[in-house]
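K.L.:
Structure for this input, please:
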Amino acid sequence: MSADPSRRDLLRLLAAGAVASALPACSSAPTKATRVLRVGILHSLTGPMAPSEGPVALATRMAVAEWNGHTSGGDPHLAGRVSSGITLEAISADGASDPETFAREAGRLVSEEGVAALFGCWTSSSRKAVLPVVESLGNFLVYPLQYEGLESSANVLYTGATPNQQLLPGLRWAMGRFGTRVYFVGSDYVFPRVANAVMRDQLGAAGGAPVGEAYLPLNASGPELQALAAAIVVDIRRSRPDVIVSTLNGLAGNMALFSALRAEVPASELPTLSFSIGAPEARAMSRLGQSLTGEYAGWSWLPDANDAEAAALWSTFGTWAEGAGIAQAELPDGLTDPMVNAIAGVRLWASAAAARESGQAASLASALAGSSTPAPGGRLFVDQENQHVWHPLVVGQFTADARLSPVFRTALSERPRPYPAFRSRTSWERILAEASSA
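P.N.:
Below you'll find the model as predicted:
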């Protein structure tokens with residue numbers, strides 16, 4: 001599936017890198033000469049993942065402009081960024097919703113464009129395609145998405161949630177609210193398969209077992225995808241679950257499942273909890289005639305009317321976008337969890353890179369350990385041991401206007417644990433290898 005027509009001009013801007021040089025007229029450039037570090041922004045600007053990844057790519061560009069002092073307002077804690085000794089130059093590339101393309105573009109950005117770090121990827125398949133590139137070339141990836149865990153590379157800053165921060169507390173909430181008869185459905189690649197293995201262990205610890213589990217191809221479309229989704233709904237009806245837990249990614253798969261499911265049974269009778277769709281996907285589905293009203297989704301952050309930090313950040317984003325010449329129709333309707341994580345990732349990496357270059361830290365990893373940045377919902381802290389960020393869980397319910405209204409939040413942020421305690425690390429790595437080869 002290609003990006004919808006309203007996004008085409010935006011995607012061309014991103015792919016060409018034009019946004020990086022389009023700055024608000026009211027901005028002020030750094031007042032002293034600084035060393036320039038090139039960074040690569042690698043997201044899907046075309047293909048089925050483009051509607052999800054496009055806003056994250058934009059947020060990353062805004063954060064680069066913010067670091068360089070080219071936004072009005074912004075985070076006062078970054079006031080010293082202009083005198084940090086570095087400015088950032090962003091170069092965009094299109095991963096095209098294809099892991100091989102992600103790997104190829106990552107290699108080109110590092111080897112030919114000379115980027116000091118990559119910011120991007122959404123699916124775990126794309127991240128795993130990029131990981132050996134940055135490790136072999138001594139480069140770095142900042143990854144903004146929640147994921148299945150079972151990974152902790154010195155060459156990656158993981159600003160999204162680990163299973164113990166999102167999947168497991170989300171499943172516990174769903175079982176407590178709806179019941180223990182759980183049906184798992186996901187896209188057919190590594191994240192959903194491993195995520196469901198992790199959640200099966202949680203379900204087993206509660207004395208239950210899934211009543212069903214099914215997968216849809218990530219890149220399928222048209223009648224084939226609709227037929228596969230219809231068959232899954234038949235199995236769901238036969239299995240009689242209390243709740244469906246979804247790790248479906250991409251617009252096509254979610255459209256196929258929800259259109260088939262809601263033609264048979266309303267959300268009030270059989271709820272779903274999704275871990276990979278948010279307001280942008282909900283609005284895109286609504287434009288295509290499929291409402292997500294009443295469905296649930298779990299993230300680390302959701303918009304809150306009382307969140308002053310979020311309001312200020314969204315205002316900064318809007319000012320930057322206007323100065324960059326991006327039409328209102330091409331913008332997301334609001335901040336999302338992956339956008340917030342992407343912005344935090346730029347701030348954290350740039351601060352660590354500046355500290356490393358000035359001799360304040362022996363390496364990027366040591367500069368990142370224990371660092372933090374202000375963010376909507378509260379400061380985000382990098383764990384001292386594993387380069388993941390501490391996060392809470394927030395569950396939201398989709399409203400009629402395709403927004404997520406928070407209904408549950410964990411009291412505190414949880415320490416990231418990439419390898420859940422149910423199994424040994426060796427056992428998890430065996431499951432990961434099986435899922436990666438499936």
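K.L.:
Show me where the stretch 151-300 of the chain has its helices.
P.N.:
167-178, 190-205, 222-239, 251-262, 279-287 (DSSP state H, counting those that start in this stretch).
K.L.:
Could you list every helix and strand that the second one packs against?
P.N.:
Helices and strands in packing contact with helix 190-205 are listed as helix 124-136, helix 167-178, strand 182-187, strand 212-216, strand 243-247, helix 425-437; criterion 3 or more C-beta pairs under 8 Å, 6 or more residues apart in numbering; DSSP states H and E. Bear in mind the C-beta positions are built from the backbone N, C-alpha and C, glycine included.
K.L.:
what does the domain assignment say about the chain?
P.N.:
5-161+305-381, 167-303+392-437 (automatic domain parsing).
K.L.:
all strands of the stretch 251-400 of the chain, in order?
P.N.:
Assigned by DSSP state E, counting those that start in this stretch, the stretch 251-400 of the chain shows strands spanning 272-274, 296-299, 372-373, 380-381, 394-398.
K.L.:
Who are the packing partners of the second one?
P.N.:
Judged by 3+ C-beta pairs under 8 Å, 6+ apart, the packing partners of strand 296-299 are helix 167-178, strand 272-274, strand 394-398, strand 404-409.
K.L.:
looking at those, which is buried most?
P.N.:
Mean neighbour count (mean count of other C-beta atoms under 10 Å) peaks for strand 272-274 among the helices and strands packed on strand 296-299, with a mean of 25.
K.L.:
Relative to residue 417, which of the helices of the stretch 151-300 of the chain is closest?
P.N.:
Nearest to residue 417 among the helices of the stretch 151-300 of the chain is helix 167-178; the distance by C-beta to C-beta comes to 9.6 Å.
K.L.:
before we move on, the earlier item: how about the helices and strands packed on helix 190-205 in TSV, adding mean pLDDT and distance to residue 115?
P.N.:
Formatted as TSV, the helices and strands packed on helix 190-205 follow (pLDDT from 0 to 100; distance: least, C-beta to C-beta, whole Å):
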stretch	mean pLDDT	distance to residue 115
helix 124-136	96	10
helix 167-178	96	32
strand 182-187	97	29
strand 212-216	97	34
strand 243-247	98	31
helix 425-437	88	26
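K.L.:
what would those look like in a markdown table with distance to residue 272?
P.N.:
Output for the helices and strands packed on helix 190-205, formatted as a markdown table (distance: least, C-beta to C-beta, whole Å):
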| stretch | distance to residue 272 |
| --- | --- |
| helix 124-136 | 21 |
| helix 167-178 | 9 |
| strand 182-187 | 9 |
| strand 212-216 | 13 |
| strand 243-247 | 4 |
| helix 425-437 | 22 |
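K.L.:
Out of the helices of the stretch 151-300 of the chain, which is the most enclosed?
P.N.:
Compared across the helices of the stretch 151-300 of the chain, helix 251-262 shows the largest average neighbour count, a mean of 24 (mean count of other C-beta under 10 Å).
K.L.:
Now for residue 113: which residues touch it?
P.N.:
Counting by C-beta atoms under 8 Å, 6 or more residues apart in numbering, residue 113 touches 38, 40, 91.
K.L.:
hmm, back to that, among the helices and strands packed on helix 190-205, which comes closest to residue 48?
P.N.:
Here strand 182-187 is closest among the helices and strands packed on helix 190-205 (C-beta to C-beta), at 9.7 Å.
K.L.:
Put the alpha carbons of that closest one into PDB.
P.N.:
Only the C-alpha atoms of strand 182-187 are listed here, as PDB (Å, rounded to 0.1, in the frame of the first residue of the first chain):
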ATOM      1  CA  VAL A 182      -7.300 -14.400  25.400                       C
ATOM      2  CA  TYR A 183      -7.000 -14.600  21.600                       C
ATOM      3  CA  PHE A 184      -3.700 -13.300  20.200                       C
ATOM      4  CA  VAL A 185      -3.600 -11.800  16.600                       C
ATOM      5  CA  GLY A 186      -0.600 -10.200  15.100                       C
ATOM      6  CA  SER A 187       1.400  -9.400  11.900                       C
END
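K.L.:
Counting by contacts, list what that strand packs against.
P.N.:
On a contact count with 3+ C-beta pairs under 8 Å, 6+ apart, strand 182-187 meets helix 167-178, helix 190-205, strand 212-216, helix 222-239, strand 243-247.
K.L.:
Let me see the ranges of the helices in the stretch 1-150 of the chain.
P.N.:
8-16, 18-21, 50-67, 99-111, 124-136.
K.L.:
From the chain's centroid, how far away is the third one?
P.N.:
Which is helix 50-67. Its chain's average C-alpha position is 11 Å from that of helix 50-67, according to C-alpha atoms, centre = their mean, to the nearest Å.
K.L.:
do the same with the last one
P.N.:
Counting by C-alpha atoms, centre = their mean, helix 124-136 is centred 16 Å from the centre of its parent chain.
K.L.:
which strands and helices sit next to that helix?
P.N.:
helix 99-111, strand 117-120, strand 141-143, strand 156-158, helix 190-205.
K.L.:
Pull out the buried positions in it.
P.N.:
For helix 124-136, a neighbour-count test (16 or more other C-beta atoms under 10 Å) marks 124, 125, 126, 127, 128, 129, 130, 131, 133, 134 as buried.
K.L.:
Could you export those as JSON lines, including distance to residue 223?
P.N.:
JSON lines is the format used below for these (distance: C-beta to C-beta, whole Å):
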{"residue": "124", "distance to residue 223": "28"}
{"residue": "125", "distance to residue 223": "25"}
{"residue": "126", "distance to residue 223": "27"}
{"residue": "127", "distance to residue 223": "31"}
{"residue": "128", "distance to residue 223": "30"}
{"residue": "129", "distance to residue 223": "29"}
{"residue": "130", "distance to residue 223": "33"}
{"residue": "131", "distance to residue 223": "35"}
{"residue": "133", "distance to residue 223": "36"}
{"residue": "134", "distance to residue 223": "39"}
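K.L.:
To residue 54, which of the helices and strands packed on helix 124-136 lies closest?
P.N.:
Using C-beta to C-beta, the nearest of these to residue 54 is strand 117-120, at 11.7 Å.
K.L.:
Note down every partner strand of the closest one and its orientation.
P.N.:
strand 35-43 (parallel), strand 141-143 (parallel) (DSSP bridges).
K.L.:
surely residue 274 meets residue 298?
P.N.:
Yes. Shown here, residue 274 and residue 298 form a contact pair, counting by C-beta atoms under 8 Å, at 7.5 Å.
K.L.:
what about residue 377, distance to residue 219?
P.N.:
Using C-beta to C-beta, to the nearest Å, we find residue 377 at a distance of 33 Å from residue 219.
K.L.:
Relative to residue 96, which of the buried residues of helix 124-136 is nearest.
P.N.:
residue 126 (9.8 Å).
K.L.:
which residues does that closest one contact?
P.N.:
44, 95, 98, 99, 102.
K.L.:
burial count for the second one?
P.N.:
Read it as residue 95. Here the number of neighbours of residue 95 (other C-beta atoms under 10 Å) works out to 30.
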